[in-house]
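K.L.:
One predicted model, sequence on top.
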Amino acid sequence: MKNVEVAFVGNPNVGKSTIINNIAKTSLKVGNWPGVTVRKTEATLLYKDYEFHIIDLPGTYSLDYTSEDVAVTTDFLINNPPDIIVNIIEATNLERSLILTAELIELKIPMVIVLNMWDEALKLGIDINIKKLSELIGVDVISAIGTKEDLKDRLLESIVSTYEKKKTPKDLRYSDITEKAINDILSFCAVPPNKNIPPRFFAMKMLERIIPCDCCNEIILKLENDLKENIYDILKKDIYGVAHFISSSVVKRSFKDEIELTEILDKFALHPFFGLLIFVVVMYLMFKLSFDVSYPISNWIGDFESSFLHPLVYKLFPRAPYIVKSFVSGAVLDGVGFVISFAPLVGALFVGLSVLELSGYLPRVPIIFDRFVSKFGIDGRGILPFMLGFGCNVPAIMALKILEDKRSKLIVAAMIPFTSCPARFVVFAFFGAIFFKNPAPIILFLYLLGIFFSILTAIVMNKVLPKTESLPMILELPPYRKPPLKIVLNIAFVELKGFLKRAGTFIFASTVVVWAFLHIPPNTNVKDTVAGKIGGALVYVFKPIGIEDWRATTSLVPAFLAREIIISSMGAIYSASVKEDYSNFNIEKSFKEQMISLEKALKNTAIAFVSPGFSNVFTKESTDSSTIKAIRDSLSPYGALSFMVFVLLYTSCIATVSILKSEFGTKFAMLFLTYSFVLGWAVAFVIYRLSMVLHVF
C-alpha cells in the first residue's frame, strides 16, 4: 500500500470542497490548523494499492501572506510539500484561475488540473481545448462537474498516473527583465532556507518582498532605478501575461445573446433595499425550518432519555447502590443525552447553510452588509455567523471560518454569545409566563438588549485589539446553481460529526462534575450538597441584583451546561426531590408510549416543515402548580427580570465555551467568560434597581 498526500488548491468558491465531499464522502475530518483559527478539512481514501491523504487547503488567489487563510496555504506548500497538487480551476473563469496556477507551477510539485463547472462553461458558450491546455502546461487536465459520481475514478486514476510518472509542470518563461532579476537574486543572494523550496520560486517571492532579504533589497532598488518601474508590478504583469496567453490559446467563445439567470437574480439579491429584504426572508425560512423541524425530535430525545432510560437503569439494577444508579442516569445519560439532543438543531442548521452555500447565495450576503459592519472592524462576511447565533451559538462560532483574518473572527466571536438562542428563549418563555401578565414585550426587550451589547462589544474590541492592515473585501461570486442533495447531506453530516466529537467530550465531562456537586455528600438534601452550598454562597453575589433565594442561585450552577436546564433544575430543587421513585415503571408500557411519542414527533416535524410562521415549540409549561407557586414566591417580578438579563448576557452554555476554547484557545475563552459574567451582573443590577425606582411592574 503506497501512501500519497494530495493537496487540493484553488481560488475561493471554485468547488474544491464539493469535489472532496464527492470523492471522500463521510471520511472527511474537520478541525483547525495548528496555532490558527483557520478550518482544516482532510480525508483518507483507499483506492487500489494507494492510500490517499487528501487535504483541502484554504482558497487563495496567490501564494503570499495577505491573510491567515492564505498564509496557511502558502506555508503548507512551501514547508510540507505534498506528493500531488490537485489544482481546481473554474472553467467559466479560466484566465483568472491560471494566475494561481502559474505560481503553483514554480513549486515543481507533480500536479493535476481539474476544470470544474464544465457544464456551466458549456452553457455560457465557453469551449476549452483540454488536450492543448495539457500540452502547454505539461500536466494531466480533466473536465469535471463536481457533483457527478463519475468524477471519482477519473480523478484518482489521473492522480495515480501523475504520481507514478512524477509528472511535473513545464518551466515557465517570463520577460527578459524578470528573468534577469530572478537570476541576479539567485547569483548574489542566499539559497532558500528550506530544501523543499525551489530556488526560482524563492527568488520570485523575494522580488515580491514577501520573503525579506537585505541583499535582495539592494538588487531590487538598483533594478527599479534602472527601469524606472516597480519590479513587483513587472513580475505580476508577466504572471498575468502567462495566464492570458494560455487562456487565449485554448479558449473559444460562442456569443450568447440571452441574459443569464444569475444576472437577473443578482439585480434583486444585491439591491440595497430588496437585497436586505430577500436576506431577511431567506434567513427567516432557514431558521423556521431548522427550529421547527428539529425541535420535535430534540424534545423526544430528551424525553426518551429522562422518562425511559433513567427509570430503566433503576428497574434493571434494583439492588445496585443508589449512588451508582444516580451516576449512570444523572451523569452518563444526562451528559450523552444532552449532546445528542443538541444534534438535530445543529444538523438542521448545517443543512440550511450548505444549501445556501452550494446554491451560490451565501457568498453574496457580505456585499449587502459590508457598508454597515465595516464600522466595527469587520467585513460583511461577519453578519452571517452573527445571525446564526440566534439559532445556536455553537455552529455560529464554527461558521467563523468564512472570515479571513483572526481579528475579525475574535470580534464576531465576542458578539455571538449575546444573541438569544432558543435555549435562552425557553427560560424567557418560562419566566415570562410565571411572572408577567404580558411576557411578549419583555422577551422582545431581551432580544434587543442582546443585540445592543453585541454591537457595543464589537465597538470596544475594535478599539482595543491591535489594528491590522485593512484589505478591501474581494469576493468571487459563483453563479446560482441547484445544490446537490447528496453533497448537502454529506457536508452537514461531517460538520455534525465534528461538533459531536469536539463539544461532546467536554460537555460529558462537565456533566459528571456538576452531578458530583449535586450528590456530595450522598443521601442528603440538595441544600446540603456541594452544589447547594455553592448556591448558598452565591446568594451573597446575586442578592444585589434581586436573586435572594438559594434555590434560584443553585439552579444557575447546572445551568452552565445549557440554559434550559434552569427549568428542570428548579423543578428538582424547589420540589426538594432527592431520590426518584420508579417503582411503578413498566418497561413494555413505557417503551410503547415512547414509540407513540416518536411517531407524534415525526408527524410534528413534517407539519412544521410545511406550516407557515414560527410554531410556538419552545414554550414549555409546567403542570406542577405547587412548584410554579414556590418559584413565584421566591422571586419578585423585578428579580425575575434581573435573572433573565443575567441569563441573557452571561456566556450561554458550556458548549459555547468549549467551542470558543477549541477555536481561539483557553485564554480567550476564560477572558470572555469573565467579561460576560461581569457584564451580565452589572447590567442586571442597573435594570433591577432602575425598574424598581420607576415601578415598572
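P.N.:
It's in.
K.L.:
Could I get the average pLDDT for stretch 125-135?
P.N.:
In this model, stretch 125-135 has a mean pLDDT of 92.
K.L.:
Then stretch 519-529?
P.N.:
77.
K.L.:
buried ones in that stretch?
P.N.:
Neighbour-count burial for stretch 519-529 flags 519, 526, 529 (criterion: 16 or more other C-beta atoms under 10 Å). No exception for glycine: its C-beta is placed from N, CA and C like everyone else's.
K.L.:
Pull the contacting residues for the first one.
P.N.:
With C-beta atoms under 8 Å, 6 or more residues apart in numbering as the criterion, the residues that contact His519 are 323, 326-327, 330, 529.
K.L.:
If we use 10 Å, what do you get?
P.N.:
Counting by C-beta atoms under 10 Å, 6 or more residues apart in numbering, His519 makes contact with 322-323, 326-327, 330-331, 526, 529-531, 578.
K.L.:
Export those to CSV and append columns for distance to Ile659 and secondary structure.
P.N.:
As requested, the contacts of His519 are exported to CSV (distance: C-beta to C-beta, whole Å; DSSP: H, G, I helix; E, B strand; the rest coil):
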residue, distance to Ile659, secondary structure
Tyr322, 35, helix
Ile323, 32, helix
Ser326, 29, helix
Phe327, 27, helix
Gly330, 25, helix
Ala331, 22, helix
Val526, 30, helix
Thr529, 29, coil
Val530, 27, helix
Ala531, 25, helix
Val578, 34, coil
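K.L.:
What is the nearest of these to Leu270?
P.N.:
If you rank the contacts of His519 by distance to Leu270 using C-beta to C-beta, Ala331 comes first, at 51.6 Å.
K.L.:
The closest residue to the closest one other than its chain neighbours - how many residues pack around it?
P.N.:
Of all residues not flanking Ala331 in the chain, Trp515 sits nearest, at 3.8 Å (C-beta to C-beta, 6 or more residues apart in numbering). Neighbours of Trp515 under the rule other C-beta atoms under 10 Å: 20.
K.L.:
buried residues in whichever helix or strand Phe202 is part of?
P.N.:
Assigning secondary structure by DSSP states H and E places Phe202 in helix 199-207. Neighbour-count burial for helix 199-207, with 16+ other C-beta under 10 Å as criterion, is recorded at 200-207.
K.L.:
which stretches of the stretch 151-300 of the chain form helices?
P.N.:
Using DSSP state H, counting those that start in this stretch, the helices of the stretch 151-300 of the chain run over 151-165, 176-188, 199-207, 214-227, 231-250, 261-269, 274-304.
K.L.:
before we move on, what about the stretch 451-600 of the chain?
P.N.:
Using DSSP H, counting those that start in this stretch, the helices of the stretch 451-600 of the chain run over 485-519, 530-542, 550-555, 565-574, 587-610.
K.L.:
Tell me how many other residues crowd the spatially closest residue to Val488 that is not a sequence neighbour.
P.N.:
With C-beta to C-beta, 6+ apart as the criterion, Val488 has its nearest non-adjacent residue at 4.5 Å, and that residue is Ser354. Burial of Ser354 is recorded as 24 neighbouring residues (other C-beta under 10 Å).
K.L.:
what's the answer for the one 4 residues further on, then?
P.N.:
Neighbours of Leu358 under the rule other C-beta under 10 Å: 24.
K.L.:
name the element it belongs to?
P.N.:
Following DSSP H and E, one finds Leu358 within helix 334-359.
K.L.:
re the thing from before, I figured the residue nearest to Ala331 was touching Val557, is that so?
P.N.:
No. At 11.1 Å, Trp515 and Val557 do not qualify as touching, with contact defined as C-beta atoms under 10 Å.
K.L.:
any residues in contact with both of the two?
P.N.:
Residues within reach of Trp515 and of Val557 at once, by C-beta under 10 Å, 6+ apart, are Ala531.
K.L.:
one step back: which helices and strands does the helix holding Phe202 pack with?
P.N.:
Counting contacts by 3 or more C-beta pairs under 10 Å, 6 or more residues apart in numbering; DSSP states H and E, helix 199-207 is packed against helix 68-79, helix 94-105, helix 176-188, helix 214-227, helix 231-250.
K.L.:
Which elements pack onto the third one?
P.N.:
Applying 3+ C-beta pairs under 10 Å, 6+ apart, we find helix 176-188 packed against helix 199-207, helix 214-227, helix 231-250.
K.L.:
Just name the most buried of those.
P.N.:
Of all these, helix 199-207 carries the top mean neighbour count, a mean of 22, counting by mean count of other C-beta atoms under 10 Å.
K.L.:
angle of that helix against helix 94-105?
P.N.:
Taking axes from the mean of the first three to the mean of the last three C-alpha atoms, to 10 degrees, one finds helix 199-207 and helix 94-105 inclined to each other by 110 degrees.
K.L.:
and helix 199-207 with helix 176-188, angle?
P.N.:
If you take the same axes, to 10 degrees, helix 199-207 sits at 100 degrees to helix 176-188.
K.L.:
roughly how far out does helix 199-207 sit from the chain middle?
P.N.:
Computed by C-alpha atoms, centre = their mean, to the nearest Å, the chain-centroid distance of helix 199-207 equals 36 Å.
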